[in-house]
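1. Give me the fold of what follows.
(4 chains)
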Protein chains: 4
Amino acid sequence: MDGGDDSMQKIAVLTSGGDAPGMNAAVRAAVRRAAYHNVQMHGVYHGYEGLMNGHIEEMSLGSVGDIIHRGGTILYSARSEAFKTEEGQQKAVEQLRNKGIEGLIVIGGDGSFRGAQKLTEKGIPTIGVPGTIDNDIPCTDFTIGFDTALNTIVDAIDKIRDTATSHERTYIIEVMGRDAGDLALWAGLAAGAESIIIPEAEQSMDDILERLHAGQRRGKKHSIIIVAEGVGSATSYAEAITKATGWETRVTVLGHIQRGGSPTAMDRMLASRMGAAAVDLLLEGKRDRMVGIQNNQIVDVDFKEALAKKHRLDLSIYQLARTLSI
Amino acid sequence: MDGGDDSMQKIAVLTSGGDAPGMNAAVRAAVRRAAYHNVQMHGVYHGYEGLMNGHIEEMSLGSVGDIIHRGGTILYSARSEAFKTEEGQQKAVEQLRNKGIEGLIVIGGDGSFRGAQKLTEKGIPTIGVPGTIDNDIPCTDFTIGFDTALNTIVDAIDKIRDTATSHERTYIIEVMGRDAGDLALWAGLAAGAESIIIPEAEQSMDDILERLHAGQRRGKKHSIIIVAEGVGSATSYAEAITKATGWETRVTVLGHIQRGGSPTAMDRMLASRMGAAAVDLLLEGKRDRMVGIQNNQIVDVDFKEALAKKHRLDLSIYQLARTLSI
Amino acid sequence: MDGGDDSMQKIAVLTSGGDAPGMNAAVRAAVRRAAYHNVQMHGVYHGYEGLMNGHIEEMSLGSVGDIIHRGGTILYSARSEAFKTEEGQQKAVEQLRNKGIEGLIVIGGDGSFRGAQKLTEKGIPTIGVPGTIDNDIPCTDFTIGFDTALNTIVDAIDKIRDTATSHERTYIIEVMGRDAGDLALWAGLAAGAESIIIPEAEQSMDDILERLHAGQRRGKKHSIIIVAEGVGSATSYAEAITKATGWETRVTVLGHIQRGGSPTAMDRMLASRMGAAAVDLLLEGKRDRMVGIQNNQIVDVDFKEALAKKHRLDLSIYQLARTLSI
Amino acid sequence: MDGGDDSMQKIAVLTSGGDAPGMNAAVRAAVRRAAYHNVQMHGVYHGYEGLMNGHIEEMSLGSVGDIIHRGGTILYSARSEAFKTEEGQQKAVEQLRNKGIEGLIVIGGDGSFRGAQKLTEKGIPTIGVPGTIDNDIPCTDFTIGFDTALNTIVDAIDKIRDTATSHERTYIIEVMGRDAGDLALWAGLAAGAESIIIPEAEQSMDDILERLHAGQRRGKKHSIIIVAEGVGSATSYAEAITKATGWETRVTVLGHIQRGGSPTAMDRMLASRMGAAAVDLLLEGKRDRMVGIQNNQIVDVDFKEALAKKHRLDLSIYQLARTLSI
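-> Model prediction:
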């Protein structure tokens, strides 16, 4: 495919759901790739909410200059209750039809893809690009934003370790991840945390305490425990540990710093490849599909297939983390 | 003073209280400066607790190699209740006497300096070096660790602003500073926060809300509010704002990441200058004094004078911040 | 001064010379401070070159939103030969007169201030704000951009030290600073460099070699030498050292990474204070003056006085660095 | 494999060749994994040079505490001419035999693996772990250190872009990569460079100039060109461009900062998985093999096979970069 396709002349892109570092790089790639194919690209502002309200503007090459390294999304994001209704969806379709826009790229998570499916059903071809820090989308090895959030967390744990080492206390750090423990697990392994508590692996308080005591017997003077928010609050773990051991504990809830920051090289790469691929797919006549990366190659899978599956965390990494943090 | 002084042959250094980035650079400077004067330097581990228990070791030039850029403190820190007693202080003096140590450098905050005063009273000359991220020590323009903590906070706010901009919400960020608003004020100004709430300046909820509404009228779609922990919890401010406006709010409590990290250039400079000066002062026969920096020059002031004063925040900076965040 | 002054209604700001991190924060502060005084602010694009060509636009509050943390300058910078002529300066004055602009803020280095003086002579009141990474402006303790460049250099040296330690070689690092050794000296001290070679202190090759050999005798397995570009090229030092010792050397010329990056908290503070002060001074009727910071307080000094003096490096810091890197 | 294997009781690990961020994480994982299997791990200092000279010490769990985040290698690295001789290799084997060491893990690049092959031939089982920033080892998708170096380069380009944007010049940046263009290509795509010059894709000066001119026609005011060192010096490209266009150019040679720095999360993960796998393989009786990662899974391949192949860069990424930087 080199140099354009005349089946579509106007397409659009939006970002939806929780923002993720790299979304801007994906938007840039989509705009530039469309220009390469001589197709007009439009930006939809404020996600599905803006789509319903016709907040749509043509994007030039220059409009995405100097954004590849910026966190957040220049198209803004929003959650929309109205778009979940038949009426809202109909309104969105009309806005696109009125502007002559023939296809839509949706950058977001699984909720956003469900919205995209509805639009395809109503006659607007859509392609999804997985953008979420949680890495919880099936059929893709990585999502845009995961690597950046991971490094933000690891950097934070490194800082906490400095003070933990100086003070010989137990620190409990809560990271994002409602259903998926990927951020907690990878960050915990990368930062050498003593315990990692994730939804995918049951861990009793007895086991956590046993590991803390074993570390202490080996001479460890401080411990770092990572908790995925989906498992419970860091505070409740801290209280339980203090009650059982009498040790001083300190809690940090990393919060929204995990969503921001300049994207890492990997996230910019991934976003650039996926954003461009989404345009290629639309122009090839594909729809109702999600771009993914599998084995370092860009793939595309049916939304239905992707949304039916459950994202799986690699438990061998969890086992490895346990043997390395002794 | 070039090349040694024979009044003291053995001195020691300890770190005490909350650790601060740059403490290692100060320890390194003290060790190297002592070597330059041909004086033997000892390290006391675990602050006053370790001092009472004789946890003291000679430090070579090599023992402080490759630490200037490390957060935390290689001497560890601790709080000690026992040292607050007459008996504890006596024990500490004996430990120093037994080892022939004639003077002590104490790197820490005002609580640590009160301990140092006690030792001077009992015949051990002491010199204090202000090491705390809070910048709450009188008679010095800056304390070791403040600049690093400030940059850590500003970096965190920058990240949160990325996501705030994308989502158009109000974010409330709680930073350290029990009695002093320096971290909150400087970080708030440097990161362009819409409101800064500090102990030194009363600010009614009405005023906060008025600023939020004024920003909204001018087209601002998100707001960032910084709260010093001494004023109240970020959560309570968030609840009050949501109640009054109906807007979505998000809270981040930065916690212990503010204490860690590789020290900035400024903190390494300050720590190097202060650590070396402390050795010079001890060897010049001074005692019961604190090193400070005033007008970019190293000074020394009487502990009594320093501890009697109250640290003062520059309110003109607070006023400036208010005019710039409109 | 609270709430406006009616002597001037329209003023402008430009950035000139080598760009420095924090220039955007200074522009933002100037725009916001002018709005606070109900004065209209204009931005001049591309420095004096743009001024002559009338590249001037009104700046709104929103035009400086979300720039406080950005490196570079949104007003662009340029060097202009044409502006050095009488004719060029006359053209600039006319452009300002035509637009009704009554005063000008110039953010840049000493060359830029000489241009500002010419404009004042021709009837346009000017105020200078020192923005340059070199810290080579007299009458101010710090210039905007110095702290950021310093941290960029220190971060680079920290990285090189990792590999230096692993490989036991001698690394020579060339940093910016044609006439001023501040960046080299402060970075060298903060990063624990073994030798620092600056224009302000003569250092013979014999002295450099003696220090290298002394380090080796003490067991040091690698050395890092910082050279200010004004003294000579890192490559020539590397060759001389290899020739004299037979040791492997590696050269890094840091180059333009030193000019970029998000400004540090200190640079944002300094820029915010100086940018706002420049507006206040213009409105107070002052002209032909430079804003400075002395003893942490904003001051203003006559251009003539400032440009007649020579920036002085604190040689006691150089002496200190020598005693600490043994 | 859970809980040990009694075929080997003592094994060792060394790092060799150019150091790479993450080597420490790999050493830590090897030591911890050996402890998990109740096998004694030894560290060989200074690579093959130290191996020949018996610079070998037992490593405890504590000896690798607090190193997962450190750049460089605590085992040091070195290049050894002596080890390339039959005599040198024999000496190395004797040192291992004398200490009862039955297997060796070699962390390094292809040159280091050739040395490992020689040892296996002489009866010492070896397993290789690919550690090099260049990503130029066949049979593995990534090498330890690549992701960190990539981010260091991208961060440097981001900084240079700040000043490039302000000044509207052409910047040429030379990055590491003698035979492999991976660093240049990935960094160039991730940082949005206008041109990327790599050994794997011929690019005439005419093509480079045509792209520069096309960018200028579209309104681009500055350009960034990335050159892999294997293709030629940045300086020579700069001179050719200036000669052909008359434009101002600036050159930066990033040099050894690319080898240092705290490893990214990905590099720590990769190093942890590979270091642990190397121990598992040795204990399973495998030898003469290299650990790799393919499709996110740890694999092992014969040294002979790996060294016979040529690393291949994905040229579709090069094509993509060209379409996105228009």
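2. end to end, how far does stretch A:32-47 reach?
-> With Cα to Cα, to the nearest Å as the measure, the ends of stretch A:32-47 fall 20 Å from one another.
3. what's the model's confidence in that stretch, averaged?
-> On average, the pLDDT along stretch A:32-47 is 97.
4. Can it be said to contact chain D?
-> Yes: applying Cβ under 8 Å from any Cβ of the partner chain, one finds that stretch A:32-47 is in contact with chain D at A:32-33, A:35-36. Every residue, glycine included, has its C-beta placed from N, CA and C.
5. need the helices for the stretch 1-150 of chain A, in chain order.
-> For the stretch 1-150 of chain A, applying DSSP state H, counting those that start in this stretch gives helices covering A:23-36, A:47-52, A:86-98, A:110-121, A:146-167.
6. What helices and strands are in contact with the second one?
-> Applying 3 or more Cβ pairs under 8 Å, 6 or more residues apart in numbering or on different chains; DSSP states H and E, one finds that helix A:47-52 makes contact with strand A:10-15, helix A:86-98, helix A:110-121.
7. wait, what's in contact with the residue positioned nearest the centre of chain A?
-> Nearest to the geometric centre of chain A sits A:T132, at 1.5 Å (Cα atoms, centre = their mean). The contact partners of A:T132, by Cβ atoms under 8 Å, 6 or more residues apart in numbering or on different chains, come to A:17-18, A:20, A:108-109, A:143-146.
8. what about the strands in the stretch 201-326 of chain A?
-> When secondary structure is read from DSSP state E, counting those that start in this stretch, the stretch 201-326 of chain A shows strands at A:223-228, A:249-253, A:289-294, A:297-302.
9. Confidence-wise, which of these is weakest overall?
-> With a mean of 92, strand A:249-253 has the lowest mean pLDDT of those.
10. Get me the contact residues on chain A for chain B.
-> Applying Cβ under 8 Å from any Cβ, we find that chain A lies next to chain B at A:15, A:19, A:21, A:23, A:70-73, A:76-78, A:152, A:156, A:158-168, A:171, A:250-257, A:259-261.
11. try 6 Å
-> By Cβ under 6 Å from any Cβ of the partner chain, the residues of chain A that approach chain B are A:19, A:71-73, A:76-77, A:156, A:159-160, A:162-163, A:165-166, A:250, A:252, A:255-257, A:259-261.
12. Dump the helices and strands packed on helix A:47-52 into JSON lines; add mean neighbour count and mean pLDDT as well.
-> As requested, the helices and strands packed on helix A:47-52 are exported to JSON lines (neighbours: other Cβ atoms under 10 Å in any protein chain shown; pLDDT from 0 to 100):
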{"stretch": "strand A:10-15", "mean neighbour count": "26", "mean pLDDT": "98"}
{"stretch": "helix A:86-98", "mean neighbour count": "17", "mean pLDDT": "97"}
{"stretch": "helix A:110-121", "mean neighbour count": "20", "mean pLDDT": "96"}
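13. now for those, which one comes closest to A:H55?
-> Among the helices and strands packed on helix A:47-52, the nearest to A:H55 by Cβ to Cβ is helix A:86-98 (8.8 Å).
14. Quote the end-to-end distance of stretch A:165-175.
-> End to end - Cα to Cα - stretch A:165-175 spans 21 Å.
15. Run the chain-centre distance for it.
-> Taking Cα atoms, centre = their mean, to the nearest Å, one finds the center of stretch A:165-175 at 26 Å from the center of the full chain.
16. tell me the mean pLDDT for that stretch?
-> Here the average pLDDT along stretch A:165-175 is 88.
17. Please see if it touches chain D.
-> No: contact of stretch A:165-175 with chain D is not found when judged by Cβ under 6 Å from any Cβ; the minimum separation is 6.8 Å.
18. same check, this time on stretch A:289-304
-> Yes: using Cβ under 6 Å from any Cβ, stretch A:289-304 reaches chain D at A:295-296.
19. Give me the residues contacting that stretch.
-> Contacts with stretch A:289-304, where a contact means Cβ atoms under 6 Å, 6 or more residues apart in numbering or on different chains, come from A:113, A:117, A:127-129, A:139-142, A:273-274, A:277-278, A:281, A:288, A:306, D:141, D:295.
20. ok, and which of the strands of the stretch 201-326 of chain A has the densest surroundings?
-> strand A:223-228 (a mean of 26; mean count of other Cβ atoms under 10 Å in any protein chain shown).
21. by contact count, what packs against that strand?
-> Using 3 or more Cβ pairs under 6 Å, 6 or more residues apart in numbering or on different chains; DSSP states H and E as the contact criterion, the elements in contact with strand A:223-228 are strand A:170-175, helix A:182-190, strand A:195-197.
22. need these in TSV with distance to C:Q90, can you?
-> What follows is the helices and strands packed on strand A:223-228, written out as TSV (distance: least, Cβ to Cβ, whole Å):
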stretch	distance to C:Q90
strand A:170-175	62
helix A:182-190	62
strand A:195-197	70
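23. give me every residue that touches the residue nearest to A:K91 when sequence neighbours are not counted.
-> The shortest distance from A:K91 to any non-neighbouring residue, by Cβ to Cβ, 6 or more residues apart in numbering or on different chains, is to A:M52 (4.6 Å). For A:M52, the contact set (Cβ under 6 Å, 6+ apart) comprises A:83, A:88, A:91-92.
24. Among the residues you listed, which pair sits farthest apart?
-> The two members of those with the most space between them (Cβ to Cβ) are A:F83 and A:K91, at 8.4 Å.
25. Any stretches of chain A with poor pLDDT?
-> Within chain A, the segments meeting pLDDT under 70 span A:1-6.
26. And the residue located most distally from the centre of it, how close does it get to chain D?
-> Within chain A, the residue lying farthest from the chain centre (Cα atoms, centre = their mean) is A:R217, at 39.0 Å. Remark: distance between A:R217 and chain D (Cβ to the nearest Cβ, to the nearest Å) = 11 Å.
27. out of the residues of stretch A:32-47 next to chain D, who's nearest D:L324?
-> Distance to D:L324, by Cβ to Cβ, is smallest for A:R32 among the residues of stretch A:32-47 next to chain D, at 4.6 Å.
28. tell me the contacts of the closest one?
-> D:L324.
29. what does A:G145 give?
-> With contact set as Cβ under 6 Å, 6+ apart, A:G145 has these partners: A:20-22, A:131, A:133.
30. ok, now A:T242?
-> If a contact means Cβ under 6 Å, 6+ apart, then A:T242 has A:T249 as its contacts.
31. Outline the domain layout of chain A.
-> Following the assignment in the TED database, chain A carries domains at A:10-144+A:263-308, A:146-259.
32. Redo those as JSON lines? Include distance to A:S316.
-> What follows is the domains of chain A, written out as JSON lines (distance: least, Cβ to Cβ, whole Å):
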{"stretch": "domain A:10-144+A:263-308", "distance to A:S316": "15"}
{"stretch": "domain A:146-259", "distance to A:S316": "11"}
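33. between those, which one is nearest to B:E239?
-> The minimum distance between B:E239 and the domains of chain A falls on domain A:146-259, with 16.1 Å, by Cβ to Cβ.
34. Could you list everything the closest residue to A:I241 other than its chain neighbours pairs with in the sheet?
-> Setting aside the residues directly before and after it, A:I241 is nearest to A:T249 in space (Cβ to Cβ, 6+ apart), at 5.5 Å. Listed beta-bridge partners, A:T249: A:T170 (assigned using DSSP bridges).
35. since we're on A:E81, how many residues are nearby?
-> A:E81 has 9 neighbours, counted by other Cβ atoms under 10 Å in any protein chain shown.
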